[in-house]
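[1] Need the 3D shape of this:
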Amino acid sequence: MLDTLTFLLEKLFILAHIKLSSLLPLLGGEPPLSKRCDRDEIPPQPAVAPQKFQRGDLLEVPRTLFTHFGIYLGDNRVAHLIPDILPVLTADTAQIQAMVTNTRLLLGVLSKRASIRVDSVEDFAYGAGILLNAMDRTMPQSPLRGEEVAVRAERLVGTISYSLLWNNCEHFVTFCRYGSAQSQQTDKFCEWLKSLIRDQRCVLLTALVGVLSMACLGISFSTALPSLLIPFTLWMAS
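    Residues are numbered from 1 along each chain as shown. Below is the predicted model:
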(Lines give C-alpha, C1' and ligand atoms only; values in the text may rest on other atoms or scores of the structure.)
Protein backbone atom coordinates (compact mmCIF):
# COMPACT_ATOMS: atom_id res chain seq x y z
CA MET A 1 0.00 0.00 0.00
CA LEU A 2 2.84 2.38 0.89
CA ASP A 3 4.64 1.60 -2.38
CA THR A 4 1.45 2.30 -4.34
CA LEU A 5 0.89 5.59 -2.54
CA THR A 6 4.50 6.63 -3.17
CA PHE A 7 4.14 5.76 -6.87
CA LEU A 8 0.98 7.87 -7.17
CA LEU A 9 2.60 10.78 -5.34
CA GLU A 10 5.60 10.72 -7.67
CA LYS A 11 3.41 10.75 -10.77
CA LEU A 12 1.34 13.60 -9.31
CA PHE A 13 4.57 15.47 -8.59
CA ILE A 14 5.59 15.10 -12.25
CA LEU A 15 2.22 16.31 -13.51
CA ALA A 16 2.31 19.28 -11.16
CA HIS A 17 5.49 20.56 -12.84
CA ILE A 18 5.11 19.59 -16.51
CA LYS A 19 3.96 22.23 -19.00
CA LEU A 20 2.83 21.51 -22.54
CA SER A 21 5.51 23.76 -24.02
CA SER A 22 8.19 21.67 -22.38
CA LEU A 23 7.18 18.63 -24.43
CA LEU A 24 7.76 20.35 -27.79
CA PRO A 25 11.55 19.82 -27.82
CA LEU A 26 11.00 16.11 -27.20
CA LEU A 27 8.53 15.87 -30.07
CA GLY A 28 10.94 17.73 -32.33
CA GLY A 29 13.80 15.39 -31.56
CA GLU A 30 15.87 17.91 -29.61
CA PRO A 31 17.94 16.56 -26.70
CA PRO A 32 17.85 19.35 -24.08
CA LEU A 33 18.12 18.45 -20.44
CA SER A 34 15.30 18.88 -17.96
CA LYS A 35 15.78 18.39 -14.26
CA ARG A 36 13.96 18.10 -10.96
CA CYS A 37 13.20 20.48 -8.11
CA ASP A 38 11.41 23.74 -8.83
CA ARG A 39 12.62 26.98 -7.17
CA ASP A 40 10.71 29.72 -9.00
CA GLU A 41 11.24 32.17 -6.15
CA ILE A 42 14.92 32.60 -7.13
CA PRO A 43 15.32 34.36 -10.50
CA PRO A 44 18.03 33.17 -12.92
CA GLN A 45 21.36 34.97 -12.59
CA PRO A 46 24.31 35.26 -14.96
CA ALA A 47 26.60 32.25 -14.90
CA VAL A 48 29.50 32.53 -12.49
CA ALA A 49 32.92 32.06 -14.02
CA PRO A 50 34.35 28.60 -13.15
CA GLN A 51 37.48 30.13 -11.63
CA LYS A 52 35.33 31.79 -8.94
CA PHE A 53 33.99 28.47 -7.70
CA GLN A 54 35.56 26.84 -4.67
CA ARG A 55 35.84 23.09 -4.18
CA GLY A 56 32.71 21.97 -2.32
CA ASP A 57 30.47 24.83 -3.54
CA LEU A 58 26.81 24.01 -4.18
CA LEU A 59 25.83 25.01 -7.71
CA GLU A 60 22.20 25.55 -8.66
CA VAL A 61 20.82 25.92 -12.18
CA PRO A 62 17.22 27.20 -12.49
CA ARG A 63 15.47 25.77 -15.53
CA THR A 64 12.04 26.22 -17.09
CA LEU A 65 10.64 23.16 -15.35
CA PHE A 66 12.94 22.36 -12.47
CA THR A 67 16.15 23.38 -10.79
CA HIS A 68 19.24 21.23 -11.06
CA PHE A 69 21.82 20.94 -8.26
CA GLY A 70 25.46 19.88 -8.20
CA ILE A 71 28.66 20.00 -6.15
CA TYR A 72 31.75 21.69 -7.59
CA LEU A 73 34.83 19.44 -7.39
CA GLY A 74 37.43 21.81 -8.80
CA ASP A 75 39.13 21.89 -12.22
CA ASN A 76 35.83 22.87 -13.91
CA ARG A 77 34.15 19.61 -12.78
CA VAL A 78 30.71 19.19 -11.16
CA ALA A 79 29.25 16.09 -9.51
CA HIS A 80 25.49 15.84 -9.89
CA LEU A 81 22.71 13.27 -9.66
CA ILE A 82 20.62 12.80 -12.79
CA PRO A 83 18.10 10.10 -13.81
CA ASP A 84 19.58 7.94 -16.55
CA ILE A 85 18.48 4.61 -18.02
CA LEU A 86 21.64 3.99 -20.05
CA PRO A 87 23.84 2.48 -17.28
CA VAL A 88 21.20 -0.22 -16.89
CA LEU A 89 21.35 -1.08 -20.60
CA THR A 90 25.07 -0.92 -21.36
CA ALA A 91 28.50 -0.93 -19.76
CA ASP A 92 30.00 1.21 -22.53
CA THR A 93 31.67 4.06 -20.62
CA ALA A 94 31.88 6.29 -23.68
CA GLN A 95 28.13 6.09 -24.30
CA ILE A 96 27.26 6.59 -20.65
CA GLN A 97 29.54 9.61 -20.28
CA ALA A 98 27.88 11.41 -23.22
CA MET A 99 25.49 14.18 -22.19
CA VAL A 100 22.20 12.81 -20.84
CA THR A 101 19.31 13.53 -23.21
CA ASN A 102 15.67 14.01 -22.27
CA THR A 103 14.86 10.49 -23.48
CA ARG A 104 17.49 8.93 -21.23
CA LEU A 105 16.37 11.14 -18.36
CA LEU A 106 12.66 10.36 -18.70
CA LEU A 107 13.31 6.61 -18.95
CA GLY A 108 15.54 6.91 -15.90
CA VAL A 109 12.72 8.56 -13.94
CA LEU A 110 10.27 5.83 -14.95
CA SER A 111 12.71 3.01 -14.18
CA LYS A 112 13.90 4.72 -10.97
CA ARG A 113 17.57 4.59 -11.98
CA ALA A 114 20.04 7.46 -11.83
CA SER A 115 23.73 8.24 -11.99
CA ILE A 116 25.85 10.47 -9.83
CA ARG A 117 28.28 11.61 -12.51
CA VAL A 118 30.97 14.21 -13.08
CA ASP A 119 30.59 16.69 -15.94
CA SER A 120 32.09 20.01 -16.89
CA VAL A 121 30.51 23.20 -15.56
CA GLU A 122 29.32 24.02 -19.07
CA ASP A 123 27.58 20.66 -19.57
CA PHE A 124 26.09 20.86 -16.08
CA ALA A 125 24.70 24.38 -16.65
CA TYR A 126 23.52 23.60 -20.22
CA GLY A 127 23.51 27.28 -21.11
CA ALA A 128 21.62 28.46 -18.00
CA GLY A 129 22.79 30.82 -15.27
CA ILE A 130 24.31 29.36 -12.12
CA LEU A 131 23.43 30.27 -8.54
CA LEU A 132 26.28 29.82 -6.08
CA ASN A 133 25.52 28.43 -2.60
CA ALA A 134 22.01 29.95 -2.69
CA MET A 135 20.70 27.20 -0.43
CA ASP A 136 22.95 28.32 2.44
CA ARG A 137 20.40 31.06 3.17
CA THR A 138 17.48 28.66 3.61
CA MET A 139 18.99 25.55 5.22
CA PRO A 140 18.93 25.33 9.04
CA GLN A 141 22.31 23.53 9.08
CA SER A 142 25.62 25.24 8.46
CA PRO A 143 27.60 23.93 5.48
CA LEU A 144 30.47 21.51 6.04
CA ARG A 145 34.03 22.34 5.04
CA GLY A 146 34.46 22.53 1.29
CA GLU A 147 36.91 19.64 1.07
CA GLU A 148 34.64 17.36 3.08
CA VAL A 149 31.70 18.29 0.84
CA ALA A 150 33.66 17.46 -2.32
CA VAL A 151 34.98 14.18 -0.91
CA ARG A 152 31.45 13.11 0.03
CA ALA A 153 30.31 13.81 -3.54
CA GLU A 154 33.24 11.95 -5.10
CA ARG A 155 32.60 8.87 -2.97
CA LEU A 156 29.00 8.65 -4.18
CA VAL A 157 29.78 8.77 -7.93
CA GLY A 158 28.16 5.84 -9.71
CA THR A 159 24.78 4.30 -10.53
CA ILE A 160 22.12 4.48 -7.82
CA SER A 161 18.38 4.08 -7.37
CA TYR A 162 16.26 7.17 -7.95
CA SER A 163 13.06 8.59 -6.54
CA LEU A 164 11.52 11.84 -7.68
CA LEU A 165 10.28 12.52 -4.14
CA TRP A 166 12.74 10.78 -1.85
CA ASN A 167 16.11 10.56 -3.61
CA ASN A 168 16.68 13.30 -6.17
CA CYS A 169 19.43 15.78 -7.04
CA GLU A 170 18.56 18.03 -4.09
CA HIS A 171 18.86 15.15 -1.62
CA PHE A 172 22.31 14.42 -3.04
CA VAL A 173 23.71 17.95 -2.66
CA THR A 174 22.18 18.58 0.77
CA PHE A 175 23.68 15.34 2.06
CA CYS A 176 27.08 16.33 0.72
CA ARG A 177 27.06 19.95 1.88
CA TYR A 178 24.97 19.87 5.07
CA GLY A 179 25.28 16.25 6.22
CA SER A 180 21.57 15.51 5.91
CA ALA A 181 19.65 14.53 2.76
CA GLN A 182 16.70 16.88 2.37
CA SER A 183 14.57 18.35 -0.40
CA GLN A 184 12.80 21.63 0.22
CA GLN A 185 10.82 21.14 -2.98
CA THR A 186 9.55 17.75 -1.82
CA ASP A 187 8.55 19.31 1.51
CA LYS A 188 6.67 22.10 -0.26
CA PHE A 189 4.92 19.65 -2.56
CA CYS A 190 3.85 17.48 0.39
CA GLU A 191 2.50 20.56 2.18
CA TRP A 192 0.56 21.51 -0.95
CA LEU A 193 -0.80 17.97 -1.23
CA LYS A 194 -1.76 18.01 2.45
CA SER A 195 -3.70 21.25 2.01
CA LEU A 196 -5.40 19.79 -1.06
CA ILE A 197 -6.49 16.68 0.83
CA ARG A 198 -7.78 18.77 3.74
CA ASP A 199 -9.95 20.83 1.39
CA GLN A 200 -13.39 19.21 1.67
CA ARG A 201 -14.30 20.50 -1.77
CA CYS A 202 -12.07 17.71 -3.11
CA VAL A 203 -14.38 15.18 -1.45
CA LEU A 204 -17.41 16.62 -3.24
CA LEU A 205 -15.52 16.79 -6.53
CA THR A 206 -14.33 13.16 -6.40
CA ALA A 207 -17.81 12.02 -5.36
CA LEU A 208 -19.31 13.88 -8.33
CA VAL A 209 -16.75 12.35 -10.70
CA GLY A 210 -17.58 8.92 -9.28
CA VAL A 211 -21.30 9.40 -9.85
CA LEU A 212 -20.69 10.59 -13.40
CA SER A 213 -18.43 7.62 -14.14
CA MET A 214 -21.11 5.19 -12.93
CA ALA A 215 -23.73 7.03 -14.97
CA CYS A 216 -21.58 6.83 -18.12
CA LEU A 217 -19.98 3.41 -17.65
CA GLY A 218 -22.67 1.69 -15.66
CA ILE A 219 -22.67 0.42 -12.09
CA SER A 220 -20.10 -2.33 -11.60
CA PHE A 221 -17.47 -3.34 -9.09
CA SER A 222 -14.74 -1.51 -11.04
CA THR A 223 -16.69 1.79 -11.04
CA ALA A 224 -18.53 1.61 -7.72
CA LEU A 225 -15.54 0.73 -5.52
CA PRO A 226 -13.33 3.71 -6.53
CA SER A 227 -16.37 6.00 -6.49
CA LEU A 228 -17.00 5.11 -2.86
CA LEU A 229 -13.49 4.44 -1.58
CA ILE A 230 -11.72 7.57 -2.86
CA PRO A 231 -14.24 10.14 -1.49
CA PHE A 232 -14.43 8.20 1.79
CA THR A 233 -10.61 8.19 2.13
CA LEU A 234 -10.42 11.92 1.41
CA TRP A 235 -13.24 12.59 3.87
CA MET A 236 -11.47 10.68 6.65
CA ALA A 237 -8.17 12.43 5.87
CA SER A 238 -9.67 15.93 5.71
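
[2] Going along the chain, name the helices of this structure.
    Secondary structure of the chain (DSSP state H): helices at 2-17, 24-27, 86-89, 93-97, 102-111, 121-125, 146-155, 169-178, 184-198, 201-217, 221-237.

[3] how about low-confidence regions in this protein?
    Within the chain, the stretches with pLDDT under 70 are 1-51, 64-65, 197-200, 203, 221-223, 225-238.

[4] Recalculate using a threshold of 80.
    With pLDDT under 80 as the threshold, the chain has low-confidence stretches at 1-51, 63-66, 185-190, 192-215, 217-238.

[5] Break it into its domains for me.
    2-183, 199-237 (automatic domain parsing).

[6] Dihedrals phi and psi, Asp84?
    Main-chain torsions, Asp84, degrees, to the nearest 10: phi -160, psi 120.

[7] Surely it is in contact with Asn102?
    No. Applying CB atoms under 8 Å, one finds Asp84 not in contact with Asn102, separated by 11.2 Å. To be clear about C-beta, it is placed using only N, CA and C from the backbone, and glycine gets the same treatment.

[8] So for the two, which residue has more residues nearby?
    The residue with more neighbours, out of Asp84 and Asn102, is Asp84; 24 against 16, by other CB atoms under 10 Å.

[9] Quick check: the more buried one vs Asp119, distance?
    Between Asp84 and Asp119 the distance, using CB to CB, to the nearest Å, works out to 12 Å.

[10] got it, and Val149?
    Val149 sits 17 Å away from Asp119 when distances are taken as CB to CB.

[11] Those two: who's more crowded?
    When Val149 and Asp119 are compared for neighbours, Val149 comes out ahead with 26 against 19, by other CB under 10 Å.

[12] ok, now which ones touch Ile71?
    56-59, 78-80, 149-150, 152-153, 172-173, 176-177 (CB atoms under 8 Å, 6 or more residues apart in numbering).

[13] Tell me the one of those residues nearest Phe69?
    Closest approach to Phe69 among the contacts of Ile71 (CB to CB): Val173, at 4.2 Å.
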